[in-house]
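**Q** 3D, please:
(chains A and B)
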Amino acid sequence: MARVPVILAALLWVACVGVLRPSSGPEGLRAVAERTPDPTRRASIHLAARAEDARLRGDLEAARVRAEQALRLDGRNPYAYLVLAEVLAETGDREAALRAVLEAEAGFRVEGVTARHWCERAVRLREDLE
Amino acid sequence: MRRPILLAAFGGVLVLAVGLVSGVGLLRRLDTRVEARFSGRLFSIPSTVYAAPLVLYPGLDVRRAGLLERLERLRYRPVSGTDVHLGEFARLPSRIRFGRRAFRFASRDDPGGVIDVLLDRSGRIEALQDAARRELPLTELEPEVLGELHGAARADRRLVRLEDVSPVLVDAVLAIEDHRFFDHPGVDVRRVLGAMWANLRAGRIVQGASTLTQQLVKNFYLGPERTVRRKLREAVMACLLERRHTKEEILEAYLNEVYLGQRGSVAIHGVGEAAFHYFAKRIGELTLSEGALLAGLIKGPNLYSPYTAPAAARARRDLVLGVLEERGSISEEEYQQALAEPVGVEERPQEENPAPYFVEHLRQDLARVYGDEILETEGLAIYTTFDPQLQRLANRSVRAGLERLETRFPELRSEESPLQGALVALVPRTGEILALVGGRDYSTSQFNRATQAHRQPGSVFKPVVALAAVSRGPEGVPSHTLASALLDEPLTVEGPGGAWSPANYDGEFRGSVTLREAIEQSLNVPVARLGLEVGPERIIETAREMGFEGPLQPVPSLALGVFEMTLLEVARAYAVLAADGVRPILRTYREVRDAQAQVLERKPLRFERVFQPEETYLVTSLLEGVVERGTGRGLRRLGIRGPVAGKTGTTSGFRDAWFVAYLPDLLVATWVGFDDGRSLSVPGAVAALPIVADFLLAARGPEGWSPFAPPPGVVRVAADPAAGRAEESGFAGEPEIFLAGTEPEHRVVETPVKRALSWLRNRL
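**A** Coordinates of the predicted model:
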């Protein structure tokens, strides 16, 4: 019986970490998309998730095309700018990557606390690029 | 006696030797000619221009996106019932089911499959499901073909590999055209003798004996002339071709070369293109009856056309089926079944190219990189940014707008130089061109008024002056706010060209107005003053940052838009406002691939931040005011209810009418005028604005899109009635937005309650 509070505390800790540090890969993006009420933004984030899928499997060209497609649908989608910036950084186009990550960062700041985790990722990339 | 014999013998040998040598020479020449083409690129294939693929997602309005029209244009076959195969679609109660074809996008092959588009009552997508009823967050429809870049020989062809052609079609072609193809050496001697006998008996040519190889040689190397010499050459070349190439190679070349009909001015060559033209199918999907029809067409594509001569087409198909059955290629049952089928060709596709100005603009762009010959012969695939549905709406809006104007003002009607209009629609953030209309009718005038016509922009230029005034500039401090007072009193500026005195459109002077009022009401005199206060150099600097590249002189009249620019330049500059200060590089295409699908060129998204979001937001707010209260009110009257920014433009003597409008994610710019610079006698709000209204209503509906969200760094304040200072600064008490730090000193930060009271006060 004495173990119950320990187990509960552990579960609470895991849940908190889960909330504060959500998955940052494509699944994280899909989770963000599902929470997004605006249908166009939601579809755009799903496209950004596909871009992230492609980036992670090393198909940078597909990743770039998908991220651009996401921005065609919603030109203010910071997630798409972030994935695009990462793709551009990986292809060595630092100048374009920096422009994209600045847009991502600005967009996440507008989104506020819900995008804090993503904003941090953008800031890290920006600092790397600067 | 012996000497003449010897001489004759020697002569004979000599003639024989010379004949042999020249014969061998001729053979060599013919062989070289055959090989030169057959071992190289066999066919000239025009480059194909593709539109952007349509993304389908829950929430999308399928009517406005034109899903059904797109499916029809992509030649999906409508079917009734729920059993839908690839290339088919069905309209079912509250859903559209379609068998999406496989296609390649973003370097991946999309295998295709059945998609269910579930619709809600408003016609928006409620959910997307695949064949296994799994929910999909989104899916895509393959890109439409916008047009082809043909050379002088206007021929369409889809290359097929022999192994992809259904055996039934191969059997049908061989049975009716050359049933001993796999047995003869290029010339069918038995058939030649038979034909000669038949022709001799008839006393005229009643029967031919050309093998497939000979037909191919005739089409590839020789002409249609019917002389013995040409026939002999054809026979020799056919044998040479057969010596060097396999039967399969020759058959494949034949199936890709054969002429099978006409689509307007474009010839249909090859079974691949014909299968799509007549049946909207890929080559491997043809049924027995369809294969027999195509095989039957070879003899006379126009004579046996299922469109113009359905009875003859059917009789010919039945004949082919009969031959197939006679030779045992098909069973009696298959034969009877195929005979019973109707000649089910697809509705004849329209030749209309929805975007001729765009395609030509693209061709000129690409020709600079690749050259005309490569574009017209090497089958490149050009993936553009175009939206064919928006293009059709744009075509319709321009055409209808001009016709309406001519009906209302009959004096605008002209035969020699008709009233013209142009339109550009683009995605502001990415700079992707979505639709482009370069004139009223491409067939009568190919001059592209969106990209080639340099016209004075007039008041459409005023937002550039406003941005120069309210952005921080090199000093880091804006020279004006939206509430700054500007004198609206007679103004005369002496310059090297003489005195210049601008006037307002109504000839009136209002004493003093705010910058906001000057832009919303498009008042020339206060904006000219603003231009002088800001300085022409700063205006030019701002214009360059917004992407204007043409000549601009630092003269007082600069502020009123006297320097000529194209509609596309105007659209690009406004894109900076719509995109929160980001200037995109305009893109008409995304990627070019060669015939083997290898990437030749990529045009990635490129942009640069040239203004801060809060700076451009101030100008967007002005242009929202233009639509709410100013010269763009017509948009509201015509039914646009959602948030929109816009600006009218009219040049001196009413020679040009402009209107530019944007939503956060769509920008549309229009120009109306005469090529010869005649007066329209009506302003931009009358001539150009209704075209934009029409386009927006059709593309987006009256409302339902997101508003322009104020970025951080903008404050909205109301004047403190007790404080005089605000009045002094020209801030008369109406709530106004400012860059943080530039708001009047004595102010009251507006609370929601105060904002509501102010709103009520304004309306009561």
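**Q** for the residue lying closest to residue B:174 once chain neighbours are set aside, give its distance to chain A.
**A** Nearest non-adjacent residue to residue B:174, counting by C-beta to C-beta, 6 or more residues apart in numbering or on different chains: residue B:181, 5.3 Å away. Just so you know, the C-beta spots here come from the backbone N, C-alpha and C atoms, and that holds for glycine as well. Distance from residue B:181 to chain A, counting by C-beta to the nearest C-beta, to the nearest Å: 44 Å.
**Q** mind listing what's buried in stretch B:217-230?
**A** Within stretch B:217-230, the residues scored as buried using 16 or more other C-beta atoms under 10 Å in any protein chain shown are B:217, B:218, B:219, B:220, B:221.
**Q** no, scratch that, I was asking about stretch B:511-523
**A** Of all the residues in stretch B:511-523, those buried under the rule 16+ other C-beta under 10 Å are B:513, B:514, B:515, B:516, B:517, B:518, B:519, B:520, B:521, B:522, B:523.
**Q** the first one: which element?
**A** Think residue B:513. If you go by DSSP states H and E, residue B:513 is part of strand B:511-514.
**Q** interface residues of chain A facing chain B?
**A** By the rule C-beta under 8 Å from any C-beta of the partner chain, the part of chain A lying against chain B is A:30, A:33, A:38-40, A:42-43, A:46-47, A:54, A:59, A:61-62, A:64-66, A:68-69, A:71-76, A:84, A:96, A:99, A:102-103, A:106, A:109-110.
**Q** just those residues: which are in helices?
**A** A:30, A:33, A:39-40, A:42-43, A:46-47, A:54, A:61-62, A:64-66, A:68-69, A:71-73, A:84, A:96, A:99, A:102-103, A:106, A:109-110 (DSSP state H).
**Q** just the buried residues of those.
**A** For those, a burial check counting by 16+ other C-beta under 10 Å picks out A:30, A:33, A:40, A:42-43, A:46-47, A:54, A:61-62, A:64-66, A:68-69, A:71-73, A:84, A:96, A:99, A:102-103, A:106, A:109.
**Q** pull the longest helix from chain B.
**A** helix B:2-38.
**Q** for that helix, name the packing helices and strands.
**A** For helix B:2-38, the packing partners by 3 or more C-beta pairs under 8 Å, 6 or more residues apart in numbering or on different chains; DSSP states H and E come out as helix B:212-221, helix B:228-244.
**Q** can you do 10 Å?
**A** Counting contacts by 3 or more C-beta pairs under 10 Å, 6 or more residues apart in numbering or on different chains; DSSP states H and E, helix B:2-38 is packed against helix B:212-221, helix B:228-244, helix B:247-257.
**Q** show me what counts as buried in it.
**A** Within helix B:2-38, the residues that count as buried by 16+ other C-beta under 10 Å are B:30, B:31, B:34, B:38.
**Q** surely the second one touches residue B:241?
**A** Translated: residue B:31. Yes. Assessed by C-beta atoms under 10 Å, residue B:31 is found in contact with residue B:241 at 9.1 Å.
**Q** now the end-to-end length of stretch B:409-420.
**A** For stretch B:409-420, the first-to-last residue distance is 14 Å (C-alpha to C-alpha, to the nearest Å).
**Q** give me the neighbour count for the residue of the stretch 1-150 of chain B found nearest chain A.
**A** Among all residues of the stretch 1-150 of chain B, residue B:59 sits closest to chain A, at 2.3 Å; criterion: C-beta to the nearest C-beta. Per other C-beta atoms under 10 Å in any protein chain shown, the neighbour tally for residue B:59 reads 15.
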